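>>> Sequence and predicted model, in that order:
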Amino acid sequence: MFQPVENNVSFPKQEEAILEFWRDNNIYDKSLAQRENGPKYVFYEGPPTANGKPHPGHCLTRAMKDLFPRYKTMRGFYCERKAGWDTHGLPVEVEVCKEMGIHSKEEIEEFGIEPFIQKCQQSVWQYMRQWEQLTERLGFWVKLDDAYVTYHQSYVESVWWSLKNLYDRGLLYQGHKIIWWWAQGGTALSSGEVGQGYKTVMDPSIFVLFPLVDRDNTSLLVWTTTPWTIPNNQFAAVNEDIEYATVYDPELDHYLIFAKDLVEQIGQKVKRELEIKSTCMGSKLVGLRYVPPFDFYYKKLGQKTGQLKDGQQQFVAWRVTSANFVTTESGSGAVHEAPAFGEVDFELLLAEQDRFEPGQGPELICAVAPNGKFTDEAPDFAGQWVKDADKPIVRWLKDNGKLFFLEQYQHEYPFCWRADEDPLIQYPRRSWFVKTTQFKDELIANNQKINWLPGHIKDGRFGNFLESNVDWALSRERYWGTPLPIWVCEKTGEKEAIGNYDELLAKPGITGTEVWEKAKAANPDLPEDLKVHKPYIDEVTYDSPFASGARMRRVTEVIDCWYDSGAMPFAQWGYPQEGTSQFESQFPADFISEAIDQTRGWFYSQLAISTLLFGKDSDTMTCEYPHPFRNCIVLGLMLGEDGQKMSKSKRNYKEPQEIFDKFGADALRWYFFANQPPWTAIRYREQAIKESIPEFILRLWNVYSFFVLYANIDGFNPASITSPGQLEPAVMVSGDGFRPASERGELDRWVLSELQQTLSDVIERMDAYDNYGACVKITAFVDGLSNWYVRRSRDRFWASDKRAQEKLDAYWTLYECLTTIVKIVAPFVPFVAEAIWQNLVGVFEDSALASVHLCEYPTPAGSKTNAQLSRQMSLLREIASSGRSARMAAKLKVRQPLSGVTVILNDPTEQAWLEAHEAILMEELNVQSVTYTADAGEYVTYQIVPNFKRLGPRVGKLMPKVKQAFADADGSKILEELSTDGKTVIEVEDEQIELDNEDVEVRLQANEGWAAAQGPNAVVVLSTELTPELIRLGKSRDVVRLVQDRRKEMDLQFTDRIDLWLVTDSDELRTAIDENREYIMKETLSVSLNLESPADDIEAIEREVGEDKLSIFIRVAN
RNA sequence: GGGCGUAUAGCUCAGUUGGUUAGAGCGCAUCGCUGAUAACGAUGAGGUCCCAAGUUCGAAUCUUGGUACGCCCA
């Protein structure tokens, strides 16, 4: 006996119970343990940050991260899944600041770094419980209690080890970086923060004269929108490929050089004719020297030269250079360059420096202090806030005849997101870099070996990003992060990197560790891990090996938290201090998956660190490509209900918990997996999630509950199977009443064939990481199982002989289908699969596997697939469908029997098979006969159409004419020839084209005047003539339906036998009933049928059959 | 401004290497079933495949240009 299936199953409730079962029985651990000797399948968890609530987007990534490991585990692989948490970084600091109502670094330092760090460490876990709950509730199997945490000492030390490695190999260096700087607050802003603060403002746009040194009375006309940067001018940039003009300005009596395309436009601005004297390409201007408007630096360095790498001497600055970012869309086609205050300008400086011998090129000049005010290096403006200096600088230019033209222009400019009156400026800061550019080719080569899904990521977004690789700006002037493990000699400035805490403690003359010890003593709850963080680690100093008496002090910076997460492949194990064997066996990963925003985040940081550390030149281990991951599914962005970005304030999405409570995790998972390829943007719509229940989960469930219902009635019990284990088809042989599929009926063989085909399709799709394709196959199978197999098999389940072999066949077939399909869907919808499995194997007690997730994925048995049968059945279903269509068109309801249908097949190959199965069609279409005819000119017109795919390449340009010739030809005649000779010839433009059967496709067109319908392969014609007998038979079916209705109203058991009275005044109806008494009694389980009113007092109900009234009396028979 | 992606039915989305009748689900309409019933089934209506040009015998599919939207970066 199976557990009866409740009528109203609550999937969410059922899921909760299953979670409990998994927990109590350690199913996840067992699923791992039994695969321990299997081949490894390595999965990396990209660590989320638990300092914010999880949202629906995280459900998608977590569902995806669960699917493939579960699948691979069932396929026999050993797949450990270690959870992880990303804990460092600015977002955490910002969260804590918000809580405390502070904002600037000054305020943090006032509050104290020590308590601040402690708050950060606590804040990280604020939402951890919610994250863990979501993870578990979604059915994401991952080892939460063994998670790696980026602030843990062992993790930090792993990161240090890698940084020391890079430093010792000369791959970690200090340089400048231009960042968006909030001068008033003294801090850099992250790009996200900058993006929040854009406002539309008016700024001056000025055209300035840069007099050329070697050309008399001639100036380059240079454009800028930030006058305050002009005192820091170092270059002027033109585009080599733009044409420039030398024009004469009569008013100034002076020659100007700027882009030729802009001559008219600029002439209009100054309202005078500028006459072009000569033109040249920008490349001819490169190298010309000019005199900058201000001489703060020029007076010292204007004549300084340096040695180029090619041996020549060149002036270090105030030259025309070329830059391809210069355009003629605005300005003059010549741009003022102040490398200190613009990222592209700075890159231009780096490019210039690179042309010179080391130390010979231009230095960065910067006359602005971090507070945003001019320094004494620009004495005219010293102490002025740069933005306030715009006006006096423009006035000075004007007074000194350097200003050609001034206008205001409107543009977007970033302001501080917290102090929205404060404009940000681009500003150079000292920063630490990882020399990734040195490994650009290796990065690209490594990327080529990674299997990206979708494929365009490889050479698209990710590949492009690698092509334009710049050195990784690693350091952050912040507090809560992995401290950069570099100590500097206070006297000489010599540096060294430290690889772990013990190495530090072993240094001579070590002091400062007591600061941590005191803090710990005062507050024993402090996690030990904090001792490797600021401020404690900063207190630790030691004797300098570079100068006697000097001390080594740590640099103040922490590192980019992306480096933390990118170091995860080794740092999760604490490698190399510990976990060597784990690391080596779990590197590289077979599979990772995150959303597309990780392209420049975790995908890159992992690839970069891994390539630098484990690439060809490394002195640690080396590893064949691809690493650190082989397959990566890049998920699309998740959108809210309205198709917009999800936003808390707009409330355009439902909390995941609400979805779990209403519809369950399976519904959400199936929606993610089955509705679209995972890399498209996914709309998170409650309605769509809800729909996955009737579309798939409930449909599967209904088949299962149908099975249980009847199996219990008939006492079907598979318990006779010896050693059921995981119930592979092979063990079912021992079951009571089991006979091999080959001996069963066609329908059984058909559904088992479809099952095997589905299985091998799903395996093929899943091995290609195509979950969507797999789900399409699964859905189609479950639909066929429910709407064809079960429906067509009902008779057998209802048959009264419980031991009839055909009935047992049906049970064994459906049992095999169900036990197999739940294994197939287990990785997708683990809960409902488990629920079904447990009941289906419940009869075995302990001799079957307790959980479907401990089973192996079924192995496809090719011998059971039968392509021919599959084709035949599909043709049969098509004919049934066309027949119904014809009935609809003729307005003849299915309950009304008809005398027959005539079927005309395009291709008669399967006719014999179909004839053997006419009973099915008779029942489906409620007709008394099915006839096939080949000679059906009466009903249909034969159309022949060329097989374009085949003929196209052969006849080429003649194709349209061939098509026409086909249309003009007599279809039936050509078919005749083809069927007798196997070939025919048509003539097109004097060419004889020989055709064989393959070159021609036949289409049947139903003729007008018949109740007919056509499908791709057949036409079905109804005989619509109704005899009185047929009409009466139709009425008897109406009667059956009314009786069944009444039975249900009376809440009868569906095995209850009844006595039935049917009373009517209509002779016609009475005759109909009397004629079909046996049929009515059989269908309604009546032991007696009377046409007179009962003697006993039995409640009657009045119904109508057509026009006639009918009274129905029912009594349960004993 | 640059890179990448997307655009197909009222809605959400599929559409394999170019092949002439472009599919599914939901919704809608009509009908059916009423012993699988928070159901279910059938049938149908609904499409200038974003626009334009090109390549081709043939384009939703390839190329170019444009438009709109999204993401990333400036």
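Perfect, thanks for sending it. Keep in mind that what you see is a predicted model, and the values were worked out from it rather than measured.
>>> Going by C-alpha atoms from here, please, whenever you check contacts or count neighbours.
Fine.
>>> Which helix in chain A has the most residues?
Counting residues, the longest helix found in chain A (DSSP state H) is helix A:867-890.
>>> Output the contacting helices and strands for it.
Packed against helix A:867-890 by the contact rule (3 or more Cα pairs under 8 Å, 6 or more residues apart in numbering; DSSP states H and E) you find helix A:746-767, helix A:911-916, helix A:918-925, strand A:1011-1014, strand A:1018-1023.
>>> in whatever helix or strand comes next after the third one, what's buried?
So that's helix A:918-925. Counting by DSSP states H and E, the next helix or strand C-terminal to helix A:918-925 is strand A:930-932. Of the residues in strand A:930-932, A:Val930, A:Tyr932 count as buried by neighbour count, 16 or more other Cα atoms under 10 Å.
>>> What mean pLDDT does strand A:930-932 get?
For strand A:930-932, the mean per-residue pLDDT is 87.
>>> A:Asn997: neighbouring residues, count only.
16 (other Cα atoms under 10 Å).
>>> That one contacts A:Gly982, doesn't it?
Yes. Between A:Asn997 and A:Gly982 there is a contact under Cα atoms under 8 Å: 6.3 Å.
>>> which residues of the stretch 1001-1118 of chain A fall in strands?
A:1011-1014, A:1018-1023, A:1058-1063, A:1086-1090, A:1100-1105, A:1108-1116 (DSSP state E, counting those that start in this stretch).
>>> Of all the ones you listed, which one comes closest to RNA strand B?
Minimum separation from RNA strand B across the strands of the stretch 1001-1118 of chain A (Cα to the nearest atom of the strand) falls at strand A:1011-1014, 7.6 Å.
>>> Any part of the closest one near RNA strand B?
No. Judged by Cα under 7 Å from any atom of the strand, strand A:1011-1014 stays clear of RNA strand B, getting no closer than 7.6 Å.
>>> what pLDDT, on average, does that strand get?
76.
>>> any idea which of the helices and strands packed on helix A:867-890 scores lowest on pLDDT?
Among those, strand A:1011-1014 carries the lowest mean pLDDT (a mean of 76).
>>> elements contacting it?
For strand A:1011-1014, the packing partners by 3+ Cα pairs under 8 Å, 6+ apart are helix A:867-890, strand A:1000-1006, strand A:1018-1023.
>>> ranking those by burial, who's on top?
strand A:1018-1023 (a mean of 24; mean count of other Cα atoms under 10 Å).
>>> Quick check: neighbours of it in the sheet, parallel or antiparallel?
Using DSSP bridges, strand A:1018-1023 pairs in its sheet with strand A:900-905 (antiparallel), strand A:1011-1014 (antiparallel).
>>> how big is the angle separating that strand from helix A:918-925?
Relative orientation of strand A:1018-1023 versus helix A:918-925 (axes from the mean of the first three to the mean of the last three Cα atoms, to 10 degrees): 70 degrees.
>>> Can you tell me what sits against strand A:1018-1023?
With Cα atoms under 8 Å, 6 or more residues apart in numbering as the test, strand A:1018-1023 has contacts from A:878-879, A:882-883, A:886-887, A:898-906, A:939-940, A:1004-1006, A:1010-1014.
>>> A:Asn239 is in contact with A:Gly282, correct?
Yes. The pair A:Gly282 / A:Asn239 is scored as a contact, 5.5 Å apart, by Cα under 8 Å.
>>> which residues do these two both contact?
In contact with both A:Gly282 and A:Asn239: A:Ser322, using Cα under 8 Å, 6+ apart.
>>> ok, how many other residues are close to the closest residue to A:Tyr575 other than its chain neighbours?
Spatial nearest neighbour of A:Tyr575, excluding adjacent residues (Cα to Cα, 6 or more residues apart in numbering): A:Ser158 at 5.7 Å. Using other Cα under 10 Å, A:Ser158 has 27 other residues around it.
>>> repeat for A:Leu698
A:Leu698: 18 neighbours (other Cα under 10 Å).
>>> next one: A:Asp1074
Neighbours around A:Asp1074, by other Cα under 10 Å: 17.
>>> which residues touch it?
Per Cα under 8 Å, 6+ apart, neighbours of A:Asp1074: none.
>>> So it versus RNA strand B, what's the distance?
According to Cα to the nearest atom of the strand, to the nearest Å, A:Asp1074 stands 19 Å off from RNA strand B.
>>> Distance of the residue nearest to A:Tyr575 relative to A:Pro483?
12 Å (Cα to Cα, to the nearest Å).
>>> One more: A:Ser870?
Relative to A:Pro483, and taking Cα to Cα, A:Ser870 is found at 65 Å.
>>> I'd say A:Asn675 and A:Asn771 touch.
No. Counting by Cα under 8 Å, A:Asn675 does not reach A:Asn771; the two are 9.9 Å apart.
>>> any weak-confidence spans in the stretch 501-650 of chain A?
Low-confidence segments of the stretch 501-650 of chain A (pLDDT under 70): A:648-650.
>>> quick one, helices of the stretch 551-700 of chain A?
Assigned by DSSP state H, counting those that start in this stretch, the helices in the stretch 551-700 of chain A fall at A:561-566, A:568-571, A:580-585, A:604-614, A:656-662, A:665-674, A:686-692, A:698-714.
>>> Helices of the stretch 201-350 of chain A, residue ranges please.
With DSSP H, counting those that start in this stretch as the criterion, the stretch 201-350 of chain A has helices spanning A:263-270, A:298-301, A:343-355.
>>> in the first one, what's buried?
The reference is to helix A:263-270. Those would be A:Val263, A:Ile266, for helix A:263-270 by 16+ other Cα under 10 Å.
>>> got a list of contacts for it?
Residues outside helix A:263-270 that contact it (Cα under 8 Å, 6+ apart): A:Ala245, A:Glu273, A:Leu274, A:Ser332, A:Phe405.
>>> residues contacting the fourth one?
Looking back up the chat, that one is A:Ser332. So A:Ser332 contacts A:Phe207, A:Leu221, A:Val222, A:Trp223, A:Phe258, A:Ala259, A:Leu262, A:Ile266 (Cα under 8 Å, 6+ apart).
>>> again, 7 Å this time
Contact partners of A:Ser332, counting by Cα atoms under 7 Å, 6 or more residues apart in numbering, are A:Leu221, A:Val222, A:Trp223, A:Phe258, A:Ala259, A:Leu262.
>>> Any chance of CSV for those, columns pLDDT, distance to RNA strand B and neighbour count?
Below are those laid out as CSV (pLDDT from 0 to 100; distance: Cα to the nearest atom of the strand, whole Å; neighbours: other Cα atoms under 10 Å):
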residue, pLDDT, distance to RNA strand B, neighbour count
A:Leu221, 88, 22, 27
A:Val222, 89, 19, 25
A:Trp223, 87, 17, 26
A:Phe258, 86, 20, 27
A:Ala259, 83, 17, 25
A:Leu262, 80, 17, 18
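>>> how many neighbours does A:Thr1027 have?
A:Thr1027 has 12 nearby residues by other Cα under 10 Å.
>>> so how far is A:Ile596 from the most centrally placed residue in chain A?
Nearest residue to the geometric centre of chain A (Cα atoms, centre = their mean): A:Leu635, 1.8 Å. Note on A:Leu635: its distance to A:Ile596, by Cα to Cα, is 6 Å.
>>> Adding distance to A:Phe831, write the strands paired with strand A:1018-1023 out as JSON lines.
Output for the strands paired with strand A:1018-1023, formatted as JSON lines (distance: least, Cα to Cα, whole Å):
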{"stretch": "strand A:900-905", "distance to A:Phe831": "45"}
{"stretch": "strand A:1011-1014", "distance to A:Phe831": "43"}
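>>> would you turn those into a markdown table with distance to A:Ala445 and mean neighbour count?
A markdown table is the format used below for the strands paired with strand A:1018-1023 (distance: least, Cα to Cα, whole Å; neighbours: other Cα atoms under 10 Å):
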| stretch | distance to A:Ala445 | mean neighbour count |
| --- | --- | --- |
| strand A:900-905 | 57 | 23 |
| strand A:1011-1014 | 56 | 24 |
